[in-house]
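need a 3D model of the following:
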Amino acid sequence: MAEGKAERGVPSLVPSCSASPSSAKKEGVEAVSNGDCVGEEPVVAAGGVLPSSPGAETFTPSPATASSQDGKAGIPRRSSIIKDGTRQRKERKKTVSFSSMPTEKKISSASDCINSMIEGSELKKIRSNSRVYHRYFLLDADMQSLRWDPSKKESDKAKIDITSIKEVRTGKNTEMFRTNAIYDHISEDCAFSIIYGENYESLDLVANSADVANIWVTGLRYLISYGKHTLDMIESSHNNMRTSWLSSVFAAADTKGVGHIPFNKAVQLVKNLNSGLKNAKIELKFKELHKAKEKVGTDVIKEELIEVYHELCTRPEIYFLLVQFSSNKEFLDSKDLMMFLEAEQGMPHVTEQVSMNIIQKYEPSREGQERGWLSLDGFTKYLISPECHIFDPEHKKVCQDMTQPVSHYYINASHNTYLIEDQFQGPSDITGYIRALKMGCRSIEVDAWDGPDNEPVIYTGHTRTSQIVFHQVIDIINKYAFVASEYPLILCLENHCSLKQQKVMIQHMKQTFGDKLYTKPPSVDDSYLPSPEVLKKKILLKAKKLPANFTGSAGDITDEDEGAAMAKKVSDENTDQQNVVSNRKFKLCKELSDMVSLCKSVMFKDFTDSLQNQKFWEFCSFNEVTATKLANEYPKDFVNYNKRFLARIFPNPMRIDSSNMNPQDFWKCGCQVVAMNYQTPGLMMDLNIGWFRQNGNCGYVLRPAIMREEVSYFSANTKDSVPGVSPQLLHIKIISGQNFPKPKGSGSKGDVVDPYVYVEIHGIPADCAEQRTKTVNQNGENPIFDESFEFQINLPELAMVRFVVLDDDYIGDEFIAQYTIPFECLQPGYRHVTLQSLTGETLPYASLFVHVAITNRRGGGKPHKRGLSVRKAKRSREYASMRTILIKSIDEIFKTVVQQLKEATDLRENVQNAIVSFKEICGLSPVSNLIQCFMALSTFLNNDNIPIVVLNLKDDYPTMEPQGVIPEVLKKVVTAYDVMIQTTKTLLENGDGVWEKIMQCQRAAMEFHENLNNIGVKEGLKGRKLHKAVENFTWNITILKGQADLLKHAKIEALDNLKQIHYAAVSCGLNKPGTGNAEPSKTRRSLEAIPEKESVDIGAGDQVAQPHQDTTTQKSLKAAK
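Here you go, the predicted model:
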């Protein structure tokens, strides 16, 4: 049962990728969820007794809480629910709601926030020593001060004057929060701090929900900005643009000019404005409104239309986002939008014209279009548009280097393509080929047998599957072969025909395919297969082949019969099929053999034999069971084997139901052709479909560089960081969901949906993890989750992210929707995730609203993906080490670079630590970027719009200059900034020399590579010692190349940081007069000092691997602001 559900994508990850959060931590994978605000679970006093008074409480995690730090307290993991059927879940009574009225008024303006603050909220006041005070906070009616109760202070002292507030800071970004023992138990989204007074004291608070925190932050920022004029400001701007727009919409619908429109017309009007709404919900809202007003008649007036639209179409989470960037206005002007696009969305080269184009395209009101303002409705429309989809549009077209050997790519492959149901008695149909080829499949299968009337047929031998005529399949393949992709199609021919019918097959293929069929013999001078670029529009036949020196018309070869193995498993013991022998001999026609060129089918013996004797054009197929054994027992050898040879993996014959294996189990070993049963939807096909989206869905995806280079160290089963690869931290916040459909077949709950979201990471074992949100009861239309997760990704090039939406039900959680995306295709910032059904179709209007940020643990990364670094204290700094080869001449070479490796690490991480320190001083988390830092600083670096600290942008390295005496807290800002600039300068000025010395060492060591085995034997090494010497040599070369790459990318990142500082200073008005009007100086020593393509010859694999790395670097440079 568990396996069946897993295949449908419902319960847990497959065993190889199902590391629980707790086990993930043991293996160095940090997957942190801080979704619950502190106090959602009972706050327990030191003695373990619930406090009875609202006074100070010391927070001590209970055993239940402590044991679930890595997940949701009190929420069982999905995998444990499925695997342990006896586990009782907390019963929760299901009820059906017949009312659509919200329990709380939707927040869509500053006025709503101010009114809510005047009514007051319970907040938790955080103090040192883990003390938590429950207090009731409210804004005075005159909006002059903030008060709280109860308090031991006198009433006139238990308050903060609004005029004394310097800043309102979101998240856990003050010293009080950072140094508090309960830091990990507090939600980042529920925490905020009020910085006030001349000494910049902080009042640190935690709300019961992210919405409540947003209300207080938004309202207080308005009060700080407009003071006593807040009410006037609110009145002048409150919903003006929305009201005028909807008034014009109503006027256009009121064709008779009578001031009201028919009920059905009003319903359709709202539906047209928000297509995701259901008619029944709109009708119910109008009826409730009429009933509340005791109105007679059903016609709708303008005010009612506006009110219903406001209730049904306002998304508070987008309003709170808008006011973060609108300088506390109710709209975004073109400069606000520019800042949002640059700082949050990572969009490079944004101009005011780009902003204006977006406003003109998405703003519905005439006033907004004329003034260049983007209202809440226009901003919402923009955020749900394809422009803000989570999938990077660069990957919608072919974006990878296609000139490398075919063996360096993953290839989208189908198993028994002709079958559309199970493997034993299901029907065969040409629609299987049409579907697979339209989906970008580049390896299909044809299982040919003798048929009636001298016409070969296709089906799985020894089974009850139906048959289709061979020539019909060939016609269909020819028609659809290059519809979805122009890159080579591999036709896997499993030939069981007699010589007579083999000749019929030859005739059909030659007549139908013509010159599309690639028959040119491979060159003995080559070492690798041709590239997909060279083989465009070609069909490669994979089949058995006679020896090259064979001269007869037909010869004996060994049959490959995958169907026979399956038939043995399912047949009754007393049937003749029990005696089927899969490796029988049969006659192969010489003419058919000659049609096989680059994909000769051969039997695999072992890795040693293959590396010595196998030709690059020979192609082995592995049963899933055999491949799994090789992956587990010889992970490094399997990776090295796949650097030169193609490997095809086909499902275990026991998968009679056409279930699928996990392709990641074999992709991590570098296996190129993992054949999938396309007819079976679920988790495994989600991974396959999602994976091949990343290169224009052309069916070919370039493998990670570490799997292609001739000399590189990588083990498929690594449970730690990968040598030479920079781990990245993926920060995902699940904000909200929209228009979730109810699960198919779940009629017992009516239309009620209780959704929650799983975020799954698939990749190498070290990366596999999963986290879930809380359940939002009875809300599938616009559930708010507001939960953040963090995952460490050790091999980003092989990682995938899967969002799964499930319906929480005590009978069994039901699948609602999913979306799977390669890590490399994630766009940063606020994004919508278009959800898909179980069978892969896009669900109309169903989406998740998320925030994505990617930071680097050890430098490198992509600037346009905010590749900024998290802090790492020097005392715990890890330095790359060289391993001993036990060959003195080579060990001496590697010893010369030890100091440079240490310097490279220090150069990178000194900058990283300085940047994070600066962010902390600015009150921001490591996820933020420098543009956001200066946005935060601008609120108190200005005094009455006159900067008290300016940035001198005249030189290459901007300096921060105080304009007179400044408070102590600003002195700390200036000091932190100076350290950041100084470490950046050191990196940029010294990085080239360090990089060059590392590369010199690599070049010198590589001169020994080809004769390494012979040198080792002369030095007396043999057996395991010799093998270890080769392995350590490979490790050292991988480290040298990886450290050089990290240093190169650190320089890219440093240059990007300087550009961000320049841009932010000008945008926030902090630049010194007379500086900052032009782009940063172009004369600075920069990346041109580091060649993009190395001249180091470390084998054919490395030479062809380099262009992909150049492409990645160019993407980074292009995105650098």
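
which SSE is Q501 in?
Assessed by DSSP states H and E, Q501 sits inside helix 499-513.

should've said A1050
helix 1023-1067.

W148 now?
For W148, the host element (DSSP H and E) is strand 145-149.

which secondary structure elements does that strand sit against?
Contact here means 3 or more Cβ pairs under 8 Å, 6 or more residues apart in numbering; DSSP states H and E; on that basis strand 145-149 packs against strand 131-139, strand 159-161. C-beta: built from backbone N, CA, C; applies to glycine.

so which of the ones you listed is nearest D429?
Closest to D429 of those, according to Cβ to Cβ: strand 131-139, at 64.7 Å.

for the closest one, buried residues please.
Residues V132, Y133, H134, R135, F137, L138, L139 are the ones in strand 131-139 that count as buried (16 or more other Cβ atoms under 10 Å).

what angle separates the top strand by length along the chain from helix 1023-1067?
If you go by DSSP state E, the chain has its longest strand at strand 842-856. Strand 842-856 and helix 1023-1067 meet at an angle of 100 degrees, taking axes from the mean of the first three to the mean of the last three Cα atoms, to 10 degrees as the criterion.

off-centre distance for the strand holding W148?
In this view, strand 145-149 has its centroid 42 Å away from the chain centroid, taken as Cα atoms, centre = their mean, to the nearest Å.

and the helix holding Q501, what's its mean pLDDT?
Average pLDDT, helix 499-513: 95.

contact partners of it?
Residues from elsewhere that reach helix 499-513 (Cβ atoms under 8 Å, 6 or more residues apart in numbering): 448, 450-451, 454-456, 470-471, 474-475, 478, 495, 497, 517, 539, 541, 554, 587-589, 591-592, 595.

in it, which residues are buried?
Result for helix 499-513 [16+ other Cβ under 10 Å]: buried residues Q501, Q502, V504, M505, H508, M509, T512, F513.

that helix: what's the following helix or strand?
Downstream of helix 499-513 (by DSSP H and E), the next one is strand 539-543.

counting contacts, what elements does that following strand pack onto?
strand 489-495, strand 599-602.

got the end-to-end distance for stretch 720-737?
Length of stretch 720-737, first residue to last, Cα to Cα, to the nearest Å: 34 Å.

go through that stretch and flag the buried ones.
Using 16+ other Cβ under 10 Å as the test for burial, stretch 720-737 gives 721-737.

cool, stretch 891-902 as well?
Neighbour counts over stretch 891-902 (16+ other Cβ under 10 Å) mark D891, I893, F894, V897, Q900, L901 as buried.

from those residues, which land in strands?
Using DSSP E, none of the buried residues of stretch 891-902 sit in strands.

farthest-apart pair in these, please.
Farthest apart among those by Cβ to Cβ are D891 and Q900. That separation is 16.2 Å.

which intervals of the stretch 1001-1121 of the chain have sub-threshold pLDDT?
Applying pLDDT under 70 to the stretch 1001-1121 of the chain flags residues 1077-1121.

with the chain instead?
Residue ranges of the chain with pLDDT under 70: 1-105, 153-155, 228-239, 560-583, 745-750, 857-876, 940, 942-945, 1077-1121.

could you chop it up by domain?
Domain assignment for the chain by the TED database gives 110-236, 261-394, 396-563+584-707, 728-855, 888-1068.

tally of neighbours for R178?
Taking other Cβ atoms under 10 Å as the criterion, the count of residues near R178 is 10.

next, the contact list for it, please.
Neighbours of R178 in contact, by Cβ under 8 Å, 6+ apart: K172, E920.

how close does it sit to G171?
Per Cβ to Cβ, to the nearest Å, R178 is found 11 Å from G171.

same question for F482.
51 Å.

in terms of neighbours, single out the busier of these two.
With neighbours defined as other Cβ under 10 Å, F482 and G171 compare such that G171 has more, 21 against 17.

these two touch, right, the more buried one and A191?
Yes. At 5.7 Å, G171 counts as touching A191 under the criterion of Cβ atoms under 8 Å.

restricted to helices, list the buried residues of stretch 891-902.
D891, I893, F894, Q900, L901 (DSSP state H).

could you dump the residues you listed to a markdown table with distance to L987?
Shown next, in a markdown table, are these (distance: Cβ to Cβ, whole Å):
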| residue | distance to L987 |
| --- | --- |
| D891 | 30 |
| I893 | 26 |
| F894 | 24 |
| Q900 | 14 |
| L901 | 15 |
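
quick one: which of those is nearest to K124?
Nearest to K124 out of those is L901 (Cβ to Cβ; 47.1 Å).

right, and that closest one touches I1039 too?
Yes. Proximity of L901 to I1039 meets the contact threshold set by Cβ under 8 Å, at 7.5 Å.

what is in contact with those two at once?
Counting by Cβ under 8 Å, 6+ apart, the shared contacts of L901 and I1039 are A880, S881, M882.

ok, the residue nearest to the last one when sequence neighbours are not counted to N717 distance?
Counting by Cβ to Cβ, 6 or more residues apart in numbering, M882 lies nearest to F894, which is 4.3 Å off, once chain neighbours are set aside. Remark: distance between F894 and N717 (Cβ to Cβ) = 26 Å.

now do L730
Counting by Cβ to Cβ, the separation of L730 from N717 is 22 Å.

got it, and L1047?
Separation of L1047 from N717 (Cβ to Cβ): 29 Å.

quick one: distance of stretch 150-165 to the chain centre.
Distance of stretch 150-165 from its chain centroid, counting by Cα atoms, centre = their mean, is 45 Å.

pull the CA coordinates from it and hand them back as CSV.
In CSV, the C-alpha atoms belonging to stretch 150-165 read as follows (Å, rounded to 0.1, in the frame of the first residue of the first chain):
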residue,chain,number,x,y,z
PRO,A,150,-0.2,44.6,32.0
SER,A,151,3.0,46.1,33.1
LYS,A,152,4.8,46.8,36.4
LYS,A,153,5.7,50.2,35.0
GLU,A,154,3.4,53.2,35.6
SER,A,155,0.9,53.5,32.8
ASP,A,156,2.6,56.6,31.4
LYS,A,157,5.9,54.7,31.1
ALA,A,158,4.5,51.5,29.6
LYS,A,159,4.4,53.2,26.2
ILE,A,160,6.6,54.4,23.3
ASP,A,161,6.0,57.7,21.6
ILE,A,162,5.6,57.2,17.8
THR,A,163,7.9,60.2,17.2
SER,A,164,10.7,58.3,19.0
ILE,A,165,10.6,55.3,16.7
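
what are the contacting residues of it?
For stretch 150-165, the external contacting residues (Cβ under 8 Å, 6+ apart) are 54, 135-136, 140, 143-149, 194-197, 203, 220, 223-224, 227.

those, buried ones only, as a ChimeraX selection?
A single ChimeraX command selects the buried members of these (16+ other Cβ under 10 Å):
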select :135,143,146,147,148,194,195,196,203,220,223,224
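
for L1047 and N717, indicate the residue with more neighbours.
Counted by other Cβ under 10 Å, L1047 and N717 do not tie: L1047 has more neighbours, with 25 against 16.

please give me every residue in contact with that one.
Per Cβ under 8 Å, 6+ apart, neighbours of L1047: G859, A904, L907, R908, G991, V994, W995, I998.

now the residues you listed in a markdown table, with distance to E394 and secondary structure?
Below are the contacts of L1047 laid out as a markdown table (distance: Cβ to Cβ, whole Å; DSSP: H, G, I helix; E, B strand; the rest coil):
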| residue | distance to E394 | secondary structure |
| --- | --- | --- |
| G859 | 23 | coil |
| A904 | 30 | helix |
| L907 | 30 | helix |
| R908 | 27 | helix |
| G991 | 28 | helix |
| V994 | 32 | helix |
| W995 | 28 | helix |
| I998 | 31 | helix |
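
I'm done for today, thanks for sticking with me.
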